[in-house]
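Novice: Here's my sequence, what's the structure:
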Amino acid sequence: MADTGFSRRSLLRAALLAGAAGMAGACDDAAGVLSNKLSGRRPVWKHTFKTGDTGFVTPGSTSNDLFPYSVTASGGMLYVSFEGKLYAFDTAGHEHWESPYGQYDASSQYGPTAPQVLDGVLYTVRNEPGGKGTLQALDPTTGRLVWSFSPGAWLTPPSAAGGRVVVCNMRYLYGLDAATGRQLWRVGRGSDLFLGVPAITGGTACAVDVDGILHGVTAKAGDLRWSQSDGPSLINGRFDQRSHTIGADGVFYVRDALLRAVSASDGKVRWTNGAVPDAQNAAVSSGGLLYVSGHGEHPGVLAVDAATGGTRWQAPIPDPNGTLDASPAVAGGAVSVTVKGKLVNLDAATGRPRWTALIRNSNNGAVPLSGAAAANGLVVVLCKDEADVDDAGDKDGPVDHLYAYRL
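Specialist: Okay, the predicted model is just below:
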């Protein structure tokens, strides 16, 4: 359940009502010691997770946390994956259920992974050591497992539309029945190595293979519709084999070092935008725009016209030493991104900064954050600070936090 300390919650609400949400500075608890120092925007509420497991599954490993901490929002609910478990919260901070089917990522080749709600179904992926991958379909109201699919080898994040689900396991592109998880078809010879994240729209599914070819197949039967190399050269001009693809209104938006719009009906490239930042975080479609974030060349956040591919605005990365490792959250006229220790909120129409929340540990150091998620006028972020003490009192072991802020 959300933290219910009366004095703490009352203080936060009073500060918000008094217009102090934008004031900088740290908050102090009754003892005068806070595990997390928050400056800039103040949170509306928080939930404290007790850390029972570091997530380092491999004995002796200290560099690869196989339980990605992530959060997504859908239908006014927040779905949080933390240490291999999945939690559902409403936007008032009340926990509705806990489930053992959270994200598990031993593959680490698709970037930070998060739960997804697609066509009313909640999906998580468990890529375990040894190469086993499982796609899990859950009831979002209860967290109950409806079906699972484990074809062997690690799985990409899924895509779903029109009663079909598509997912790749590096060997094949699979089409599944969304209601039962039954395999309807598969594309590939077992050696094609589909590494790209697939998408589905307009009755067509697509994914990029290891040769950089984008294949479009019918979502109903997996029959090949077209193949697109996006260039005459056998080497240059092809799609990156680990491209992230999303589908919307009969168009695929393929994201690698470029952003390209590809017609789902014939595979023709409608436009290309070369000003997008590096890092293959998936684009986010909202209100006729595509929002992209990343680091490397052209670092920052970019808004692209979905019809023409023209750049509407570009905002610099909010920390010169930071990396934008997750897709932005877009809701309520705002774009929210995270770097280590910072949650940054931008105006969705102009890219101008609106506010920044700084999240620090007891030593005033920046702490790792999940990607952001937004719903019902709130933006939330999961903070893996593993603090020794929480402002609600001493805990037996480290704690982590889920913070909610007003957009």
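Novice: tell me the contacts of Arg144?
Specialist: Counting by Cβ atoms under 8 Å, 6 or more residues apart in numbering, Arg144 touches 99, 138. In this view, the C-beta of every residue, glycine as well, is placed from N, C-alpha and C.
Novice: That one and Gln109, how far apart?
Specialist: 29 Å (Cβ to Cβ, to the nearest Å).
Novice: Same check on Arg270?
Specialist: 28 Å.
Novice: before we move on, what about Val380?
Specialist: Distance, Val380 to Gln109, using Cβ to Cβ: 26 Å.
Novice: neighbour-wise, which of these two wins?
Specialist: Neighbour totals were compared for Val380 and Gln109, and Val380 leads with 29 against 13 (other Cβ atoms under 10 Å).
Novice: surely the more buried one meets Ala357?
Specialist: No: using Cβ atoms under 8 Å, Val380 is not in contact with Ala357; the gap is 11.1 Å.
Novice: overlap in contacts of the two?
Specialist: With Cβ under 8 Å, 6+ apart, Val380 and Ala357 have common neighbours 403, 405.
Novice: Just checking: what are the partner strands of the helix or strand hosting Phe89?
Specialist: Assessed by DSSP states H and E, Phe89 sits inside strand 85-90. Neighbouring strands of strand 85-90 in its sheet, by DSSP bridges, are strand 77-82 (antiparallel), strand 95-99 (antiparallel).
Novice: Please state the offset of the longest one from the chain centre?
Specialist: Centre-to-centre, strand 77-82 and its host chain are 11 Å apart (Cα atoms, centre = their mean, to the nearest Å).
Novice: and it, average pLDDT?
Specialist: Averaged across strand 77-82, the pLDDT comes to 95.
Novice: next one: the shortest one
Specialist: For strand 95-99, the mean per-residue pLDDT is 96.
Novice: just stretch 144-164 next, same as before
Specialist: Rounded mean pLDDT across stretch 144-164 is 94.
Novice: now the end-to-end length of that stretch.
Specialist: End-to-end distance for stretch 144-164: 20 Å, by Cα to Cα, to the nearest Å.
Novice: Would you mark the buried spots in it?
Specialist: 147, 149, 151, 153-161, 164 (16 or more other Cβ atoms under 10 Å).
Novice: Over to stretch 117-127?
Specialist: 117-118, 121-127.
Novice: From the chain's centroid, how far away is that stretch?
Specialist: That offset, for stretch 117-127, works out to 12 Å (Cα atoms, centre = their mean).
Novice: and what of stretch 157-168?
Specialist: 16 Å.
Novice: Residues contacting it, please?
Specialist: 110, 113, 116, 118-119, 121, 123, 125, 135, 137, 149, 155-156, 173-179, 181, 184, 194-201, 203, 205, 207, 219-220, 245-247.
Novice: Mind checking which of those are in strands?
Specialist: Mapping the contacts of stretch 157-168 onto strands (DSSP state E) picks out 116, 118, 121, 123, 125, 135, 137, 149, 173-177, 184, 199-201, 205, 207, 245-247.
Novice: Quick one, which of the residues you listed are buried?
Specialist: 116, 118, 121, 123, 125, 135, 137, 149, 173-176, 184, 199-201, 205, 207, 245-247.
Novice: Can you list the low-confidence ranges for the stretch 151-300 of the chain?
Specialist: 190-192, 231-236 (pLDDT under 70).
Novice: 80 - rerun?
Specialist: Applying pLDDT under 80 to the stretch 151-300 of the chain flags residues 170, 189-195, 231-237, 279-280.
Novice: Would you mind measuring the gap between the ends of stretch 187-199?
Specialist: One end of stretch 187-199 sits 14 Å from the other (Cα to Cα).
Novice: In contact with Val125, which residues are there?
Specialist: 103-105, 113, 133-136, 155-158.
Novice: quick one: contacts for Thr91?
Specialist: 76-78, 375-378, 404.
Novice: go with 10 Å
Specialist: 44-45, 73, 76-78, 374-378, 380, 404 (Cβ atoms under 10 Å, 6 or more residues apart in numbering).
Novice: Could you dump these into TSV and include distance to Leu259 and secondary structure?
Specialist: Shown next, in TSV, are the contacts of Thr91 (distance: Cβ to Cβ, whole Å; DSSP: H, G, I helix; E, B strand; the rest coil):
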residue	distance to Leu259	secondary structure
Val44	34	coil
Trp45	36	strand
Ala73	24	strand
Gly76	30	coil
Met77	30	strand
Leu78	28	strand
Ala374	22	strand
Ala375	26	strand
Asn376	29	coil
Gly377	29	coil
Leu378	28	strand
Val380	27	strand
Ala404	31	strand
